[in-house]
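Peer 1: Quick one, structure for this:
(2 chains)
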Protein chains: 2
Amino acid sequence: MSLITVERKVLEKNDVIAGENRKIFRDNHIFVINMLSSPGAGKTTIIEKTISELKNKIKIAVIEGDVQTDLDARRIDTFDIPVVQIVTNGGCHLEANLVKDAFSRFDSTDINLLIIENVGNLVCPAGYDLGEDLKIVIATTTEGEDKPLKYPAIFRNAGAMLINKIDLLPYLSTQSENTGGLKFSIDILKQNALSINPALKIFDMSCMTGQGIDEWCKWLISNIKAD
Amino acid sequence: MSLITVERKVLEKNDVIAGENRKIFRDNHIFVINMLSSPGAGKTTIIEKTISELKNKIKIAVIEGDVQTDLDARRIDTFDIPVVQIVTNGGCHLEANLVKDAFSRFDSTDINLLIIENVGNLVCPAGYDLGEDLKIVIATTTEGEDKPLKYPAIFRNAGAMLINKIDLLPYLSTQSENTGGLKFSIDILKQNALSINPALKIFDMSCMTGQGIDEWCKWLISNIKAD
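Peer 2: Numbering: from 1, shown residues only, chains lettered A, B, ... in the order given. As a prediction, the model looks like this:
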């Protein structure tokens, strides 16, 4: 038996459970987003800002995925909304069965928006459907403009790209004389992302200044209402 | 047959080939480093700076690992040193057999230092020995101080941590009044890393300003000479 065969079986089994998750979410009128990025791009902080903006309008629950620690769930817990932490113990992505188990831990299914924060990884989570309505990819100004080209699968499957840390842009683009080509161009990042996924919705964002949070939340609400 | 069994077989097979690589590298007096980080932490740029600093002192070759594109190998190629690009086509880490194949493509084994740039991923490459002498992890000031705790395996196995983008520190630590707790502390990052790996050698670094490159290269040379 080759690894490829096993991998296909794992993915087939995952797709079956993802379909079950999707039915549960739809039956309960829950809109689900799967947040994906490199480590340290700001997933948890964006979730915090999204909760702050929307918690008085809709009912939100969060599933946190991490290789180790419950640091992120503890951050979300301060907002007094339902949160479950999945610790993968070395696992590099969330799978549908983990999400199904985590979802069963919520006391109530009276939820409008379920936010799933995946493991920080731009490669492995791409292949695993969790039953979500939308994948959201977070890029940052500090990561460089070539990431959509180098990690195309996640950018191809995402509904929106949030470009976080936009507040650092002046310090990344004005030092070009000294950087030997290290100047960052947000326009090239956007061009690269749209070349992979022309339908991608893009938001400039800063969790430091709050820029873009309002626009992102309005777009998210419009997607929930249209669902 | 369970996935765990297959995974162990894959790792056992990898370890055998990594041992073969290690013997080849030792027989040819080649010191090998395996560079690991999140996407966009600056691996390629640090390799460029390292080549610039050392290319007149020692013979360097580079193996580039990426999910897609040969962008990184093309950057290294401008230095007129031997470089081989591995495109994993979705694979989330390098394995010893890929490195063995890549190494066989070099015209000569008259190399003092082989730099392997792994796929940008803080999870999966941790488990795969490539036959290297040292693993080097690159963290950045923009990723947050919790990464060693959340992704401990790579930090535990690394000989050194390069903290890149140190030039951005003033913009990450002085805005604390407006950031709602987003202030970054490099001291806490170092404490977290040392709690996982007390022997970790740490370098503050900026590829923008050049800070730390000289110190890192001197340390690297001392390791090569001691080998």
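Peer 1: Is there a neighbour count for residue A:152? I'd like the number.
Peer 2: Applying other Cβ atoms under 10 Å in any protein chain shown, we find 21 residues neighbouring residue A:152. (C-beta placed from N, C-alpha, C; glycine too.)
Peer 1: so residue A:56 sits in a helix?
Peer 2: No - counting by DSSP: H, G, I helix; E, B strand; the rest coil, residue A:56 falls outside a helix, being coil.
Peer 1: how many other residues sit next to it?
Peer 2: Residues near residue A:56, counting by other Cβ under 10 Å: 6.
Peer 1: ditto for residue A:131
Peer 2: 24.
Peer 1: May I have the residues that are in contact with it?
Peer 2: Applying Cβ atoms under 8 Å, 6 or more residues apart in numbering or on different chains to residue A:131 gives the contacts A:17-22, A:24-25, A:32, A:96, A:99-100.
Peer 1: With pLDDT, distance to chain B and secondary structure added, can I get those residues in CSV?
Peer 2: Shown next, in CSV, are the contacts of residue A:131 (pLDDT from 0 to 100; distance: Cβ to the nearest Cβ, whole Å; DSSP: H, G, I helix; E, B strand; the rest coil):
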residue, pLDDT, distance to chain B, secondary structure
A:17, 97, 15, helix
A:18, 98, 17, helix
A:19, 98, 20, helix
A:20, 98, 20, helix
A:21, 98, 20, helix
A:22, 98, 24, helix
A:24, 97, 25, helix
A:25, 98, 26, helix
A:32, 98, 23, strand
A:96, 97, 15, helix
A:99, 97, 18, helix
A:100, 97, 18, helix
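Peer 1: most neighbours, which of those?
Peer 2: Neighbour max across the contacts of residue A:131 (other Cβ under 10 Å) = residue A:99, 28 neighbours.
Peer 1: my read is residue A:85 is in a helix, agree?
Peer 2: No - with three-state DSSP as the criterion, residue A:85 is located in strand rather than a helix.
Peer 1: residue contacts, it?
Peer 2: A:64, A:66, A:70, A:72-73.
Peer 1: The strand or helix carrying residue A:26 - contacts with which helices or strands?
Peer 2: With elements taken from DSSP states H and E, the one containing residue A:26 is helix A:3-27. Under the contact criterion of 3 or more Cβ pairs under 8 Å, 6 or more residues apart in numbering or on different chains; DSSP states H and E, helix A:3-27 touches helix A:96-104, helix B:3-27.
Peer 1: the strands in chain A, which residues?
Peer 2: Taking DSSP state E, the strands of chain A run over residues A:31-37, A:60-66, A:83-87, A:113-117, A:134-140, A:160-164, A:201-204.
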